[in-house]
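Asker: Mind looking at a prediction? Sequence and model below.
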Amino acid sequence: MATTIPTTLPPVASHYPDRPQFQGFMKPGRVEGEVQNLEVYGKIPDDIDGTFYRVMPDPQFPPFIQDDPWFNGDGNISAFRLKSGRASFKQRYVRTEKFTREREAQRALLGKYRNKYTDAVEFKVRTTANTNVVHFDGKLLALKEDAPPYAMDPDTLETLGLETFDGQLPSLTFTAHPKFDPATGEMICFGYEAKGDGTPDVCYYRVAADGKFLETVWLVAPVVAMIHDFAVTENWVVFPMIPQVCDLERLKQGGEHWQWSPETPFYVGVLPRMGAKASDVRWFRHPNCFPSHSANAYEDATGNIVFDFGLSEKNVFFWWPDAQGNSPRPETLHSQLTRLTVDPRSESLELTAANVSVLQMGNSEFYRVDDRFATKPYRHVYFDLMDPALGTDFGAIVPQLGGGYPLYNSLGHLDIETKHTEVYFPGRTHMVQEPVFIPRRGSTVEGDGYLLALVNNYATMSSELHLLDTKDFTKAQAVIMLPLRLRHGLHGNWVDAAEITK
Ligand SMILES: C=Cc1ccc(O)c(OC)c1
Ligand SMILES: [Fe+2]
C-alpha cells in the first residue's frame with residue numbers, strides 16, 4: 001500500500017506509556033509465532049478436537065495518545081489447537097490497514113479510540129479488529145464494532161482482507177457480537193453508527209450460512225449510543241443500548257467518542273427477526289443502568305421475550321466518564337446476571353422493576369451458553385465471577401494488574417432450573433478471561449461437555465489454559481501452560497475440527 005507520511009507527525013516515545021493499562025500483565029506482548037506441544041498438567045480428553053480462537057488488543061507501537069484506553073490496541077489473534085490429548089498455539093496480528101501502515105511507518109499513526117480527527121494520517125478504515133473472532137463460511141472474521149470484519153485463514157491466521165461479503169455488506173459497521181442460528185448456521189448481525197461516526201442509524205442484516213445476504217433493515221435509534229452486544233430469539237431481535245453517547249462535535253474537537261449519560265434511559269430495541277420494516281422497531285425504556293454482555297434469549301410459552309444478560313447500576317466503562325468527569329471507582333462495579341422479560345406487543349414502552357429479575361447475585365461477566373441452545377429455551381450458563389472470599393492473593397496481583405478491569409477470579413456455572421451455582425477457583429494468584437463451551441463428542445445434552453478459559457497467572461506472569469469437564473466443574477481436568485504472557489483480551493470461540501474442514 002502506498003502511504004504518504006506527512007513530514008510533521010505527533011511525537012512518539014520508544015516505550016509504552018507509564019500508565020496502568022500498559023504495565024504489568026497489560027504490557028503489550030506483541031508476539032507472533034507458534035509453539036508446538038504445550039506442557040499439559042492432567043489430561044486433555046481424547047474426544048476434544050478443535051481450535052479455541054480468541055483476540056486481544058495488543059498495541060504494536062507506543063501510541064501518541066498517552067492515556068489511550070486498553071480497548072484501542074491492534075487485534076492479535078491466538079489459536080489454541082487441541083487434538084489427541086495435545087495442545088499447540090499460534091498467534092498472528094490481523095493485518096488491518098492501521099497495522100500495515102504503522103508497520104511501514106515504524107510508528108503509531110492512529111490517534112484516539114474511535115476518533116479519526118486525532119489521527120496523524122487519513123485512513124480508509126481505521127479499525128483494530130480487536131474484539132471478537134468468529135468462524136463463518138470457511139473463514140475467520142476478526143471483528144470490532146466500528147468497521148467491517150477482516151477475514152483470516154483459520155489455519156495459517158493469514159489476513160485475507162477486509163470482508164465485504166462480495167459487496168453485499170450494506171453498513172459501514174459490523175457488530176463484534178453476531179449471533180448464529182444453531183439449526184441453519186444463519187449469521188444475524190447489525191451495525192450501529194452504520195452511516196458513520198455520530199449517526200443514529202442502525203443497520204440490521206441476516207446472512208445465510210453460504211454468505212448470501214437474506215435481508216437488510218435500516219433503523220433509527222433514539223440516541224447515538226453504544227450497542228455493544230445484542231440478542232436473538234426464534235422470532236425477535238433485541239438491541240440493548242449502553243447509555244454511553246457519541247457527539248460528532250466532541251469528536252471534531254478531539255474529544256472522546258463516548259461519554260456516560262446518566263440522564264439517558266437504558267433503551268431496548270425490539271424488532272421482528274424476519275421480514276421487518278423500519279417502522280416495526282420498538283424502543284423500550286428502562287431507568288438508566290449499564291447492560292453488559294448477553295447470555296442468551298428466547299420466547300416463553302406466552303410469547304414474551306426472555307433476555308438474559310449482565311446488568312450493572314454504574315458505568316462499567318469508567319474510563320469514559322460523564323460530562324462532569326464523574327466515574328465510579330472500578331472496585332465498586334458489580335454486574336449481575338439479570339433476566340429481562342419483555343412483551344413485544346405491550347402497549348407501553350416503559351420497562352420497570354417488574355420486568356427485571358436477578359438470576360445470579362455474584363459479580364459476573366462474559367456469559368457463555370452451549371451454543372446449540374442459542375436463541376432457544378435453555379438451562380445452563382457459564383461466566384467469569386469475582387468472589388473475594390475465594391482466597392485470591394490481591395497483594396500479589398494488584399501491583400501487576402495493569403488497569404484494574406476486568407477482574408474475575410473464578411468461573412461460574414449456573415443451573416437456571418435448580419438456581420444452583422458451581423464455582424471453579426483457578427488459584428490464589430490467578431484471574432480468568434472469557435470461557436468457551438465445548439460440547440462432548442456424540443452428546444446432544446445441553447451443557448454436557450467442557451469449559452475452556454485462558455487464565456492469567458500473576459505469580460509466573462504467564463498465561464495458562466484451564467479445561468474443566470462440566471460433570472466435575474470445580475476441578476480442572478487439564479492445565480495447559482503457555483511459555484508467555486497473553487494480555488487481557490475480549491472474546492473468542494471454539495471451532496470444532498469438523499467445522500473447519502467442511
Ligand atoms: C467490552 C466491550 C468492548 C466494547 C467496544 C470496544 O471497542 C471494545 O474493544 C475491545 C470492547
Ligand atoms: Fe463484547
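Answerer: Perfect, thanks for sending it. Ligands and ions are numbered 1, 2, ... in the order given.
Asker: Low-confidence stretches in the stretch 301-450 of the chain?
Answerer: Within the stretch 301-450 of the chain, the set of residues satisfying pLDDT under 70 comprises 404-405.
Asker: tell me the secondary structure for Leu9?
Answerer: Reducing the assignment to helix, strand or coil with DSSP: H, G, I helix; E, B strand; the rest coil, the entry for Leu9 is coil.
Asker: wait, what's in contact with it?
Answerer: Contacts of Leu9 were listed using C-beta atoms under 8 Å, 6 or more residues apart in numbering, and they are Phe64, Arg107, Leu109, Ala120. In this view, the C-beta of every residue, glycine as well, is placed from N, C-alpha and C.
Asker: Quick check: the gap between the residue nearest to Pro321 when sequence neighbours are not counted and Phe318.
Answerer: Across the structure, with C-beta to C-beta, 6 or more residues apart in numbering as the measure, the residue nearest Pro321 apart from its sequence neighbours is Ser327 (4.0 Å). As judged by C-beta to C-beta, to the nearest Å, Ser327 and Phe318 stand 4 Å apart.
Asker: tell me which strands and helices the lowest-mean-pLDDT helix or strand in the chain is in contact with?
Answerer: Evaluated with mean pLDDT, DSSP states H and E, the helix-and-strand set of the chain has its lowest mean pLDDT in helix 497-501, which scores a mean of 87. With contacts defined as 3 or more C-beta pairs under 8 Å, 6 or more residues apart in numbering; DSSP states H and E, the secondary structure elements packing on helix 497-501 are strand 50-57.
Asker: Contact partners for the closest residue to Met26 other than its chain neighbours?
Answerer: Closest residue in space to Met26, ignoring its immediate chain neighbours: Gly402 at 2.8 Å, by C-beta to C-beta, 6+ apart. When the contact criterion is C-beta under 8 Å, 6+ apart, the partners of Gly402 are Pro20, Gln21, Phe22, Gln23, Gly24, Phe25, Met26, Lys27, His488.
Asker: And the closest residue to the fourth one other than its chain neighbours, how far from Ala129?
Answerer: Using C-beta to C-beta, 6+ apart and skipping residues adjacent in sequence, the residue nearest Gln23 is Gly402, 5.2 Å away. As for Gly402, its distance to Ala129 is 22 Å (criterion: C-beta to C-beta).
Asker: Is whatever residue of the chain ends up closest to ligand 1 part of a helix or strand, or is it coil?
Answerer: Residue nearest to ligand 1 within the chain: Phe71 (3.6 Å; C-beta to the nearest ligand atom). Local secondary structure at Phe71 is given as helix here, using three-state DSSP.
Asker: What count of nearby residues applies to it?
Answerer: Using other C-beta atoms under 10 Å, Phe71 has 18 other residues around it.
Asker: Given the helix or strand where Leu337 lies, what are its sheet partners and their directions?
Answerer: Here Leu337, judged by DSSP states H and E, is contained in strand 335-342. Within its sheet, and counting by DSSP bridges, strand 335-342 is paired with strand 305-312 (antiparallel), strand 356-360 (antiparallel).
Asker: Around ligand 1, which positions in the chain sit nearby?
Answerer: The chain comes close to ligand 1 at residues Pro57, Phe71, Asn130, Thr131, Lys144, Glu145, His228, Leu490, as judged by C-beta under 6 Å from any ligand atom.
Asker: Please, where are all the strands along the stretch 251-400 of the chain?
Answerer: Listed in chain order, the strands of the stretch 251-400 of the chain (DSSP state E, counting those that start in this stretch) span residues 259-260, 266-272, 282-286, 290-299, 305-312, 335-342, 356-360, 363-368, 380-386.
Asker: Just the residues contacting the fifth one, thanks.
Answerer: Among residues not part of strand 305-312, those counted as contacts by C-beta under 8 Å, 6+ apart are 229, 231, 233, 236, 238, 240, 268, 270, 289-300, 333-344, 356, 359, 364-365, 367, 381.
Asker: okay, it in PDB with CA atoms only?
Answerer: In PDB, the C-alpha atoms belonging to strand 305-312 read as follows (Å, rounded to 0.1, in the frame of the first residue of the first chain):
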ATOM      1  CA  ILE A 305     -39.100 -12.300  25.100                       C
ATOM      2  CA  VAL A 306     -36.800 -13.600  27.800                       C
ATOM      3  CA  PHE A 307     -33.400 -11.900  27.600                       C
ATOM      4  CA  ASP A 308     -30.600 -12.800  30.000                       C
ATOM      5  CA  PHE A 309     -27.500 -10.500  30.300                       C
ATOM      6  CA  GLY A 310     -25.200  -8.700  32.700                       C
ATOM      7  CA  LEU A 311     -26.600  -5.600  34.300                       C
ATOM      8  CA  SER A 312     -24.700  -3.000  36.400                       C
END
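Asker: and the angle from it to strand 290-299?
Answerer: Direction vectors for strand 305-312 and strand 290-299, defined by axes from the mean of the first three to the mean of the last three C-alpha atoms, to 10 degrees, enclose an angle of 160 degrees.
Asker: so who does the closest residue to Gly310 other than its chain neighbours touch?
Answerer: The shortest distance from Gly310 to any residue other than its chain neighbours is 3.6 Å, reached at Ser292 (C-beta to C-beta, 6+ apart). Contacts for Ser292 (C-beta under 8 Å, 6+ apart) come out as His228, Asp229, Phe309, Gly310, Leu311, Ser312, Val316, Ser335, Glu365.
Asker: need these in TSV with neighbour count, can you?
Answerer: Rendered in TSV, the data for the contacts of Ser292 read as follows (neighbours: other C-beta atoms under 10 Å):
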residue	neighbour count
His228	20
Asp229	24
Phe309	24
Gly310	24
Leu311	22
Ser312	18
Val316	23
Ser335	26
Glu365	22
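Asker: Could you identify the pair within the residues of the chain next to ligand 1 that is furthest apart?
Answerer: The two members of those with the most space between them (C-beta to C-beta) are Pro57 and His228, at 14.7 Å.
Asker: any idea how far Leu157 is from Val495?
Answerer: Distance of Leu157 to Val495, given as C-beta to C-beta: 13 Å.
Asker: Repeat that for Pro178.
Answerer: Between Pro178 and Val495 the distance, using C-beta to C-beta, works out to 14 Å.
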